[in-house]
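Peer 1: below: sequence and its predicted model.
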Amino acid sequence: MKHLSFQYADTGLFSKLVLDYLKGEPQLRKLYAHKPDWEGIAESIKKREAFPTNRSVLVKVLQEQYASISDNTVSASQIDHLKHENCFTVCTAHQPNLFTGPIYVFYKIIHAIKLADELNQRFPDKRFIPVYYMGSEDADLDELGFSHTENQTLRWNTKQKGAVGRMVVDDALLELMKSWYETTRHQLHAEEVFVSIENIFVKGKSIQQASFELIHHWFGDKGILVLIPDHAELKSLATPIWKSELLEQSTQKSLKETQSWLTSNYRVQAPGREINLFFLESQIRARLIKDAGQFHVVDTDIKFSEEALLAWLHDHPETMSPNVLLRPLFQELILPNVAFVGGGGELAYWLSVKPIFDLHQIPYPVLLLRQSFVLLDEQITNRLEKLAIPFQNYFGEKVAFEYGIARLVSTSWPDLSQSKDDLENSYQAIAEKVKVVDLSLVNHVNALQNAAQQKIEALEKKLARAIKKRAEASIRQADKIRSVILPDGSFQERKIHGAEQYARFGKGLLNVIYERVDTLGREGVVLFL
């Protein structure tokens, strides 16, 4: 299948922090433990071998969570491997978006699967299992409760509150599913996809369980395990961390120096809070704060003394929910993990939290940027080839993009830069002659020069508009291509829906993506489907 690569820096869609990490900038070396290469992964394996992961609890929870899955032969084998000290995981994570959500979730999962496969070949005396860690405790329904189709956005209008994973399939979601099918039923594989979703997302089932089953249905045969970390036994393993956070506010203190440095040099994504834990119960996921010697659950009447909260923590560890800063630490505590595959935003906050790992003496994994893809069908591919405009030119601000296209396709774009240089030199020569007679007249010459330059710049703008008008046909064609690459101005992978593309191209799409994933790569890929 035809494909081409593009540089992440050319898109303007990745933060300077992440781009500098990919380039290996020395100033960032203190923010992570291992370089994102095979040598770094080998170092990560050694560190993880020396850490006492509680495999018995992990295996028990996974066996419990997979007990209801009938076609779990591959998964059962993978879980059995995790009992052994020479077995490790490579992990990716995401919240339970409806029907898996944007297609980059597919990219994450497939990247982790391929990385595990490659590690199994490179380290034959060890075993590597890909894991999808479900962030089902996220309570942002505005972010998670929608599904994009090719012509509209369908939103789940439920009255449920709290952690999205703990919500259940209701009548409103069943109606959304029907609407989704109506908008995609013309796609070749839509019936297959809808039947899968309909059989799994049944009324009364929790969103995290349904999402668990759907990911297993689509990817389980590739060996990936899905873990729902919202479990009392897993969270009980983190009790010392939760205590440290509640009593000592250890996260904020340990990150102070790093976040100060990041603020001075980059944009800090997740600055954190005094207590980086949520209180989690039915219909509630709210911050914990300490005030006047008591712990309060924000926006509720729930409060604890220190003694009462520690007793509650012992009896109900499942009610503690880590925020974005503590979630990575919890993940690495419960998994024998050596590498984490994440998007640009995820890597940005991972690069801010290494001091917490050092504080609690938990191994910090290798960070790998997941592969980004752009999917172009045959019609768009033909337009792209006909225009013959370099792919990187389709990114950037729209007005600049259109003028750039006009400049590329025009054979008569006048370059006035030399003329402007000649003009400046002429006025400078005049100024030299004038100052001999009257130095005060030099300012007048400079004013004349500025006025002339402004008129030339105005002329350039008129010329650009005239040429842009002559290039309108090419710009319209380029705009159509750009609307596929950047729908509504967003990167395609964040806008188009994974299930919809599955309905369009079938399971073969997953295999094509797998083949083109470069697990340690630094470039995005355009796939011509």
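Peer 2: Nice, thanks for sending it over.

Peer 1: gap between the most far-flung residue of the chain relative to its centre and residue 426?
Peer 2: Distance from the C-alpha centroid of the chain peaks at residue 437, with 66.6 Å (Cα atoms, centre = their mean). Distance of residue 437 to residue 426, given as Cβ to Cβ, to the nearest Å: 18 Å. Heads up, the C-betas are built off the backbone N, CA and C, glycines and all.

Peer 1: what residue ranges in the stretch 301-450 of the chain score low on pLDDT?
Peer 2: Applying pLDDT under 70 to the stretch 301-450 of the chain flags residues 411-415.

Peer 1: okay, helices next: where are they in it?
Peer 2: Ranges of helices in the stretch 301-450 of the chain, per DSSP state H, counting those that start in this stretch, are 306-315, 327-334, 344-350, 354-360, 378-387, 398-409, 417-437, 442-470.

Peer 1: so which elements touch the fourth one?
Peer 2: With contacts defined as 3 or more Cβ pairs under 8 Å, 6 or more residues apart in numbering; DSSP states H and E, the packing partners of helix 354-360 are helix 239-248, helix 250-265, helix 327-334.

Peer 1: the helices of the stretch 301-450 of the chain: which one's closest to residue 498?
Peer 2: Set against residue 498 and scored by Cβ to Cβ, these come closest in helix 344-350, at 17.4 Å.

Peer 1: just how off-centre is the closest one within its chain?
Peer 2: Between the centre of helix 344-350 and the centre of its chain there are 8 Å (Cα atoms, centre = their mean, to the nearest Å).

Peer 1: that one: which residues count as buried?
Peer 2: Of the residues in helix 344-350, 344, 346-350 count as buried by neighbour count, 16 or more other Cβ atoms under 10 Å.

Peer 1: got JSON lines for these, with distance to residue 36 too?
Peer 2: Below are those laid out as JSON lines (distance: Cβ to Cβ, whole Å):
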{"residue": "344", "distance to residue 36": "13"}
{"residue": "346", "distance to residue 36": "14"}
{"residue": "347", "distance to residue 36": "10"}
{"residue": "348", "distance to residue 36": "14"}
{"residue": "349", "distance to residue 36": "16"}
{"residue": "350", "distance to residue 36": "12"}
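
Peer 1: tell me the one among those residues nearest to residue 304.
Peer 2: When the buried residues of helix 344-350 are compared against residue 304 (criterion: Cβ to Cβ), the nearest one is residue 349, at 28.5 Å.

Peer 1: which residues belonging to stretch 392-408 are considered buried?
Peer 2: Result for stretch 392-408 [16+ other Cβ under 10 Å]: buried residues 393-396, 401-406, 408.

Peer 1: and stretch 472-483, by the same measure?
Peer 2: Buried residues in stretch 472-483, counted by 16+ other Cβ under 10 Å: 474-475, 477-478, 481-482.

Peer 1: just to revisit the earlier point, which of the helices and strands packed on helix 354-360 sits closest to residue 315?
Peer 2: Among those, the nearest to residue 315 by Cβ to Cβ is helix 239-248 (11.0 Å).

Peer 1: gap between residue 221 and residue 74?
Peer 2: Distance of residue 221 to residue 74, computed by Cβ to Cβ: 6 Å.

Peer 1: neighbour count winner among the two?
Peer 2: Neighbours per residue, other Cβ atoms under 10 Å: of residue 221 and residue 74, the larger number sits with residue 74, 15 against 12.

Peer 1: that one reaches residue 225, doesn't it?
Peer 2: No - look at residue 74 against residue 225 with Cβ atoms under 8 Å: they stay out of range, at 9.4 Å.

Peer 1: what residues does stretch 325-334 touch?
Peer 2: For stretch 325-334, contacts defined as Cβ atoms under 8 Å, 6 or more residues apart in numbering pick out 53-54, 57-58, 91, 93, 133, 135, 229, 234-235, 237-238, 241, 245, 251, 255, 270, 272, 276-277, 322, 337, 340, 349-350, 352-353, 356-357, 360, 362-365.

Peer 1: now swap in stretch 379-388 and tell me
Peer 2: By Cβ under 8 Å, 6+ apart, the surrounding residues in contact with stretch 379-388 are 2, 376, 391, 409, 474, 477-478, 480-481, 484, 528.

Peer 1: thinking again about what came up before, ok, so of the buried residues of helix 344-350, who is nearest residue 45?
Peer 2: Looking at these and their distance to residue 45, the nearest is residue 350, at 18.6 Å (Cβ to Cβ).

Peer 1: so what's the closest one up against?
Peer 2: By Cβ under 8 Å, 6+ apart, the contact set of residue 350 is 32, 328, 340, 342, 367.

Peer 1: and the gap between it and residue 357?
Peer 2: Going from residue 350 to residue 357 by Cβ to Cβ gives 10 Å.

Peer 1: nearest the geometric middle of the protein, what residue?
Peer 2: Centroid-nearest residue in the chain, with Cα atoms, centre = their mean: residue 343, separated by 3.2 Å.

Peer 1: from what I can see that residue touches residue 104, true?
Peer 2: Yes - using Cβ under 8 Å, residue 343 makes contact with residue 104 at a distance of 6.4 Å.

Peer 1: now do the shared contacts for the two.
Peer 2: Listed as contacting both residue 343 and residue 104 by Cβ under 8 Å, 6+ apart are residue 370.

Peer 1: what's the most distant pair in the buried residues of stretch 472-483?
Peer 2: Across the buried residues of stretch 472-483, no pair lies farther apart than 474 and 482, at 12.1 Å, counting by Cβ to Cβ.

Peer 1: residue 68 - that's part of a helix, no?
Peer 2: No - Residue 68: not assigned to a helix; according to DSSP: H, G, I helix; E, B strand; the rest coil it is coil.

Peer 1: residues contacting it?
Peer 2: Listed by Cβ under 8 Å, 6+ apart, residue 68 has no contact partners.

Peer 1: now it: phi and psi?
Peer 2: Dihedral angles of residue 68 (phi, psi; degrees, to the nearest 10) stand at phi -90, psi 0.

Peer 1: pick the most deeply packed of the helices of the stretch 301-450 of the chain.
Peer 2: Highest mean neighbour count among those (mean count of other Cβ atoms under 10 Å): helix 327-334, with a mean of 22.

Peer 1: distance from that helix to the middle of the chain?
Peer 2: Relative to the mean C-alpha coordinate of its chain, helix 327-334 is positioned 18 Å out (Cα atoms, centre = their mean).

Peer 1: one more: stretch 180-197?
Peer 2: Here stretch 180-197 shows a centroid-to-chain-centroid distance of 26 Å under the convention Cα atoms, centre = their mean.

Peer 1: pull the CA atoms of stretch 460-478 into CSV?
Peer 2: Below are the C-alpha coordinates for stretch 460-478, written out as CSV (Å, rounded to 0.1, in the frame of the first residue of the first chain):
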residue,chain,number,x,y,z
GLU,A,460,2.9,43.2,-2.6
LYS,A,461,-0.4,42.5,-0.8
LYS,A,462,-2.3,43.6,-3.9
LEU,A,463,-0.2,41.4,-6.1
ALA,A,464,-0.7,38.5,-3.7
ARG,A,465,-4.5,38.9,-3.8
ALA,A,466,-4.4,39.1,-7.5
ILE,A,467,-2.4,36.0,-7.9
LYS,A,468,-4.5,34.2,-5.3
LYS,A,469,-7.6,35.0,-7.3
ARG,A,470,-6.0,33.6,-10.4
ALA,A,471,-5.1,30.4,-8.4
GLU,A,472,-8.6,30.0,-7.0
ALA,A,473,-9.2,26.7,-8.7
SER,A,474,-6.1,25.1,-7.2
ILE,A,475,-6.8,26.6,-3.8
ARG,A,476,-10.3,25.1,-3.8
GLN,A,477,-8.9,21.7,-4.6
ALA,A,478,-6.2,22.1,-2.0
